[in-house]
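Colleague: fold the following.
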Amino acid sequence: MANFGFFSKDSLNKGLEKTKESVFKKLSRAVVGKSKVDDEVLDSLEEILISSDVGVNTTLKIIERIEKRVSQEKFLNTTELNIILKEEIEALLEENNTNTEILSTEPKIKPYVIMVVGVNGVGKTTTIGKLAYQFKKSGKIVFLGAADTFRAAAIDQLTIWADRVGVPIIKQKMGSDPASVAYDTLSSALANNADIVIIDTAGRLHNKINLMNELSKIKTVMQKLIPDAPHEILLVLDGSTGQNAFEQAKEFTKVTNVNALALTKLDGTAKGGVVIGISDQFKIPVKYIGVGEGLEDLQVFDKKEFVDSLFTK
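Modeller: Residues are numbered from 1 along each chain as shown. From the prediction side, this is the model:
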């Protein structure tokens, strides 16, 4: 991953600072004056994890694992709690089923088609721009498709990113048929031997039936040119919204076959635990995390490195 330019440990450490500070301050207060991990410490730990937006179900799993170790090892002192917590979160994330083909940043299929979904304001356009930058930097030919024709601002924003990164964008005027834009994008990509195609889509959730129909139509039209497109449906979520990100994930996984996730804006929040909860609850690979505003700050999500950074003071 690292040699593909999608990972920087320094950026990850910096991006998780607010979450780390919040968790460890609370954890220190919870164990002050305590010599061993008892029920009171575990209750406090439960509150800390939930307040960091790990989510109730995932928090209960983690607490159960630690309780099991406490009962097996009889006496665990509080200085060991960080080590145990780190090990159990890491183990939980490793156990989650993930599609290794989707997680690859070196797609074997050409052109590899990514359809990006998510509500407005989560950083969808920025994520597309940063992905285009990273792929282009690695030597790939990248095409963007502005299929969010519902908002003129969406087309304009994506155009700015395309110009900034230096990749072609296929677009039509506001109100055009999104499926037509997707078809034109794939046609151009095929004609120009592109490696990666990234299609933006509308982010409104107020009418699930319309959204489902629109996304289905885009997929059907793309498949006329590339039978198995899109290869990846990437749902972008704003990590700083905590439980709202869970709700958005629920809604989008109902209307389309999301098979990869990107969590943005983790640097601006103490709710970085949302990555753990979403990864655990939805069993959909978290593929990218946003840990800053720079072009290099969209990273491939590495479970082990993420947990390591979370527990590095």
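
Colleague: got the phi/psi numbers for Glu47?
Modeller: Main-chain dihedrals, Glu47, degrees, to the nearest 10: phi -60, psi -40.

Colleague: what about the stretch 101-250 of the chain, any weak spots by pLDDT?
Modeller: 101-105, 205-207 (pLDDT under 70).

Colleague: can you give me the helices in it?
Modeller: Taking DSSP state H, counting those that start in this stretch as the test, the helices found in the stretch 101-250 of the chain are 124-137, 152-165, 178-191, 208-222, 243-255.

Colleague: how about JSON lines for those, with mean neighbour count and distance to Asp43 added?
Modeller: For the C-beta atoms, the positions are set from N, CA and C on the backbone; glycine is no exception. Listed next are those as JSON lines, based on neighbours: other C-beta atoms under 10 Å; distance: least, C-beta to C-beta, whole Å:
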{"stretch": "helix 124-137", "mean neighbour count": "23", "distance to Asp43": "38"}
{"stretch": "helix 152-165", "mean neighbour count": "17", "distance to Asp43": "46"}
{"stretch": "helix 178-191", "mean neighbour count": "20", "distance to Asp43": "50"}
{"stretch": "helix 208-222", "mean neighbour count": "17", "distance to Asp43": "39"}
{"stretch": "helix 243-255", "mean neighbour count": "17", "distance to Asp43": "21"}
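
Colleague: closest to Leu93 out of these?
Modeller: Ranking those by proximity to Leu93 (C-beta to C-beta) places helix 243-255 first, at 16.3 Å.

Colleague: packing partners for the closest one?
Modeller: helix 208-222, strand 232-238, helix 274-282 (3 or more C-beta pairs under 8 Å, 6 or more residues apart in numbering; DSSP states H and E).

Colleague: okay, the angle between that helix and strand 232-238?
Modeller: Angle of helix 243-255 versus strand 232-238, following axes from the mean of the first three to the mean of the last three C-alpha atoms, to 10 degrees, is 160 degrees.

Colleague: can you list contacts of helix 243-255?
Modeller: 53, 55, 117-119, 122, 205, 208, 211-212, 215, 235, 237-239, 241, 258, 261, 263, 274, 277-278, 281-282, 284 (C-beta atoms under 8 Å, 6 or more residues apart in numbering).

Colleague: what subset of those is buried?
Modeller: Among these, those buried by neighbour count (16 or more other C-beta atoms under 10 Å) are 53, 55, 117-119, 122, 205, 211, 215, 235, 237-239, 241, 258, 261, 263, 274, 277-278, 281-282, 284.

Colleague: circling back: same list, the helices and strands packed on helix 243-255, but as JSON lines with distance to Tyr183 please.
Modeller: Formatted as JSON lines, the helices and strands packed on helix 243-255 follow (distance: least, C-beta to C-beta, whole Å):
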{"stretch": "helix 208-222", "distance to Tyr183": "5"}
{"stretch": "strand 232-238", "distance to Tyr183": "17"}
{"stretch": "helix 274-282", "distance to Tyr183": "30"}
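
Colleague: do you know how far the residue nearest to Ile278 when sequence neighbours are not counted is from Ser187?
Modeller: Excluding its sequence neighbours, the residue lying closest to Ile278 (C-beta to C-beta, 6 or more residues apart in numbering) is Ala249, at 6.0 Å. Separation of Ala249 from Ser187 (C-beta to C-beta, to the nearest Å): 32 Å.

Colleague: got it, and Val31?
Modeller: 61 Å.

Colleague: then Leu16?
Modeller: From Leu16 to Ser187 the distance is 42 Å (C-beta to C-beta).

Colleague: same deal with Leu27?
Modeller: When Leu27 is compared with Ser187 (using C-beta to C-beta), they lie 55 Å apart.

Colleague: again with Lys173
Modeller: Taking C-beta to C-beta as the measure, Lys173 falls 18 Å from Ser187.

Colleague: cool, and Thr220?
Modeller: Applying C-beta to C-beta to Thr220 and Ser187 gives a distance of 15 Å.

Colleague: who's Leu235 bridged to?
Modeller: On the basis of DSSP bridges, Leu235 is bridged to Val117, Leu261.

Colleague: that one reaches Gly118, doesn't it?
Modeller: Yes. Here Leu235 reaches Gly118: they are 5.7 Å apart, a contact under C-beta atoms under 8 Å.

Colleague: select the longest helix from the protein.
Modeller: Counting residues, the longest helix found in the chain (DSSP state H) is helix 56-73.

Colleague: what about Leu92, how many neighbours?
Modeller: 18 (other C-beta atoms under 10 Å).

Colleague: cool, and Val236?
Modeller: 26.

Colleague: just list the residues touching Val54, thanks.
Modeller: By C-beta under 8 Å, 6+ apart, the residues touching Val54 are 62, 273-274, 276-277.

Colleague: give me the most central residue, the chain.
Modeller: Ala262 (1.9 Å; C-alpha atoms, centre = their mean).

Colleague: chain neighbours aside, what residue packs nearest to that residue?
Modeller: Nearest to Ala262 is Tyr288, by C-beta to C-beta, 6+ apart, at 4.0 Å.
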